[in-house]
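**Q** Predicted model and sequence follow; I will ask about them next.
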Amino acid sequence: MSKKDVTLPIEQTSSEPSAQMAQPSFLQTRQRLLLGIWGGLVILIILALAGIFVTKSGIDFILPLLGVLLVMMFALVTIVNASFAWLRGTVLPVLAVVTALIIGSIIIALTDPLVLASAGNFLEDPTTVLHHAWDAVSLAYQALFEGALGSPAKITAGLESWLVDGNAKPLLSAIRPLSESITKSIPYILAGLSVALGFRAGLFNIGAEGQFVVGGLSAVVVGYSVTGLPTYIHLPLAVMAGALAAGIWGLIPGVLKAWTGAHEVINTIMMNWIAFRMTDYLLKEPLESIQGTHRTPDVLPTAVLPRFFPHPLRLHAGLIIALAAAVFVYWFLWKTTWGFEMRTVGANPDAARYGGISIKRNIVLAMFISGTLAGLSGASESLGVTHNMSLGFQAGYGFDSIALALLGGSHPLGVVLASLLFGALRAGGTRMMSVAAIPLEITSIVQAMVIIFIAAPAIIRSIYRLRAAKEGLVPAMITRGWGS
Amino acid sequence: MRKWMFVTMVMLLVVSLLTGCPKPATPTEAPTAAPTTAPAKKFRVGMVSDVGGIDDRSFNENTWKGVQDAIEKLGIEGKFLESQAQADYETNITEFAEQGYDLIITVGFLLGDATAKMAKQYPDTKFAIVDYAYDPPIPNVQGIIFNVDEAAFPVGYLAAAMADKVDPADPKVGYVAGMQIPPVEQFIVAYEAGVKYYNEKYGKNVQFMGVYVGDFEAPDQGKVQGNSLIDEGVDVIMGVGGKTGNGGLAAAKERGKLGVGVDVDQYYTLPNEKGILITSTMKRLDNAVFGVIKNALEGNFGGGGVYVGTLENGGVGLAPFHDMEDQVPDNIKADLEQIQKDIIAGKIDTGWPPK
């Protein structure tokens, strides 16, 4: 494996220029040709869509949307592959997501009761089956998109009523899906950054879920038990409490790894269970507000992460924390000496040691910061969304964030974008379930597919006939294996 | 060459997507869709499950069955939303409320808070909550609670009798429970009281032990705990609480022990373990939910009130013995009849609520 990684780029860099030199004009014409084809196709399709819109106003907006997405995707792939080298890294993740959505649609179609009922007559009457399949998929994905982004018709209607009558309620309801997507992506961003930072340091932090719970609980406890403080002290205090507690939770496996060599994968998993069961216990007796409710008291208003809008919108100030954390992680990893050392340890510990970098210190530091970020994720969820903590607080954000960090290439910007996608999937999944009765698991399948395609890029490359990436996006985020 | 084929295929795909499929769909759909949506707006019921999931073969599923019955018999429209975590309760309720649903049924004690909060946000929407009652009551929320202890007590008695029958030397009854929350404890307390009642009546020493796994969705852990209970010599396993309890029953099945189901007649929901089930402690959520929907539909919504399922009104009860019919001794069957009568008459204390 490693041999391949090393030799491939060299082979390519040596063969590519010579090929270009031999027939430069051919390559250029081919590129132009492809660009022309795709560009022409895009224009054609857009015209066709415009035509459909004008003639048939009642058509589902999912149709054009899907069509545009498909075409844009292929156009993007070709153009990006042909011209913008710096964008090439995004091709694989985007294609992975699209392919996963397509596979998800196949599963939806195959599990639809109407499709199954008519599947027996597939040979005699294939169109009926295809219709049912199409109806099922379009209903589901329309709900998914509407649940994630909102329905354009409702938003314009809401905007109108707000501007004309001054009644903001329809508008708030209409943009709720968007707000919900972003709200759900907040814990994803922070937990994703946590895992991504671990990856950069060569550590696989599976403990984000446990750190999430510890962070959420600690923030809530400080949020309701410390009284008499103004917001500008209380809120940061609660947030910091969550971050610090989870940081220590992450520090433990870090210390174990640095000094005893115990693998962090095993220890973070174990720490997860300790965190889950410990919170169960704490919620049952010591921290219970009213006997028998198994939840903590509500945090005081001074410790609540304020929401930006009135009721149906839950978007809260955790978004600022999340974005600030993303900027911080970028700055830390790429603009500071500590970050450079950490990345060096992740990329090649032997070289790092040779260069005089302390491996131990960096492992411990990385696990601490990683835990802190996951703790912020829990704190933003408990102080921003639930306002107390009860049994069932844990939502799988920590586990999903592993996939997310992979999808985002362990880069803060990538993590933010991937989080928005996962948040949107989660929010849209709710609507898909309520409207089309498609189980939430479909979104889990889509997420899982994304990971498979990211982890095995050869699949995507062979489907879309892509050449192997020149710069190593993928190797950078793979942690070192056992016994390193 | 391959690239050209690929391009052609994609073009075909896009063109067929845009033109082929939807066109025939519109004429076929129009006649079927029109008559159903044209008459007066349907009464819409949304159900929000707790973190156990809609397919827990237990109380979420049983509530959903009540909604499905209503869909079938009353012609309402019903949808459900599964919650994955605490943060989802509020959103899921909001989702239905914002879509203008008439009645929102939330399932489970864990949704108590969120339901109260949302009921205040949407005073015009009707709410019903399973396993919860508000004090003071909220005008647009109807509570649905069950005196499951009334059914659990005789079941505990029966389990003790069966443990005594199969293993007279060292009879033990065990439970594998989900989260330790009052609706689950209500079963356990009454089971234990039933076992004690048997011991007193026949001068035996059937022991009662068990584990709260802390999760409703962990059949694997339920199984592990079931196995360790059996290692301790337990003869009858009572599963209490979603998929976790079912895991305990799976362990009993594998090790040749007896089991007791919960919430629904699990003889029908656990085909694999049905042979070892003595009975199930039933909480007729489906009947209760159906009743609540029917009343709401007919304009008699019981907002601010509470529906209480008891042995007397059939809201709770014992499932038939099924395959165990011949195994249960006749004197025990007679005892069970008597005990149920005594509970209804208030002569027996089921041990719940604990003093």
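**A** Thanks, I have the structure now. Numbers count the residues shown, from 1 in each chain, chains lettered A, B, ... in the order given.
**Q** Verify the contact between B:Gly233 and B:Lys172 for me.
**A** Yes. Using C-beta atoms under 8 Å, B:Gly233 is in contact with B:Lys172, at 5.2 Å. Backbone N, C-alpha and C define where each C-beta goes, glycine included.
**Q** So for those two, which sits in the more crowded spot?
**A** B:Lys172 (22 against 15; other C-beta atoms under 10 Å in any protein chain shown).
**Q** What score does the more buried one have for pLDDT?
**A** pLDDT, B:Lys172: 94.
**Q** got a list of what it touches?
**A** By C-beta atoms under 8 Å, 6 or more residues apart in numbering or on different chains, B:Lys172 lies in contact with B:163, B:206-209, B:232-236.
**Q** now do 7 Å
**A** By C-beta atoms under 7 Å, 6 or more residues apart in numbering or on different chains, B:Lys172 lies in contact with B:163, B:206-207, B:209, B:232-235.
**Q** Pull out the buried members of those residues.
**A** Taking 16 or more other C-beta atoms under 10 Å in any protein chain shown as the criterion, what is buried in the contacts of B:Lys172 is B:163, B:206-207, B:234-235.
**Q** The contacts of B:Lys172: which two are farthest apart?
**A** Spatial extent of the contacts of B:Lys172 (C-beta to C-beta) is set by the pair B:Val206 and B:Glu232 at 13.7 Å.
**Q** how about low-confidence regions in chain A?
**A** Scanning chain A for pLDDT under 70 picks out A:1-43, A:45-89, A:291-292, A:467-484.
**Q** Can you give me the domain boundaries for the chain?
**A** No chain in the question, so chain A it is. Listed by automatic domain parsing, the domain ranges of chain A are A:2-149, A:182-422.
**Q** should've been chain B
**A** Domain ranges of chain B: B:44-147+B:289-294, B:149-282+B:317-344, per automatic domain parsing.
**Q** And the longest one, how far out from the chain middle?
**A** Which is domain B:149-282+B:317-344. Relative to the mean C-alpha coordinate of its chain, domain B:149-282+B:317-344 is positioned 16 Å out (C-alpha atoms, centre = their mean, to the nearest Å).
**Q** for the shortest one, same thing?
**A** Offset of domain B:44-147+B:289-294 from its chain centre (C-alpha atoms, centre = their mean): 13 Å.
**Q** who wins for proximity to chain B among the domains of chain A?
**A** Ranking the domains of chain A by distance to chain B, with C-beta to the nearest C-beta as the measure, places domain A:182-422 first at 3.2 Å.
**Q** Wondering if the closest one reaches chain B at all.
**A** Yes. Contact of domain A:182-422 with chain B is found when judged by C-beta under 7 Å from any C-beta of the partner chain, involving A:277, A:280, A:284, A:292, A:294-295, A:311-312, A:381, A:385-386, A:390-396.
**Q** Now list the buried members of these.
**A** Neighbour counting with 16+ other C-beta under 10 Å marks A:280, A:284, A:294-295, A:312, A:381, A:385-386, A:390-395 as buried within the residues of domain A:182-422 next to chain B.
**Q** now those as TSV including secondary structure and distance to B:Gly75?
**A** Shown next, in TSV, are these (DSSP: H, G, I helix; E, B strand; the rest coil; distance: C-beta to C-beta, whole Å):
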residue	secondary structure	distance to B:Gly75
A:Asp280	helix	43
A:Lys284	helix	44
A:His294	coil	39
A:Arg295	strand	38
A:Pro312	coil	30
A:Glu381	helix	40
A:Val385	helix	37
A:Thr386	helix	37
A:Ser390	strand	37
A:Leu391	coil	37
A:Gly392	coil	34
A:Phe393	coil	39
A:Gln394	coil	40
A:Ala395	coil	36
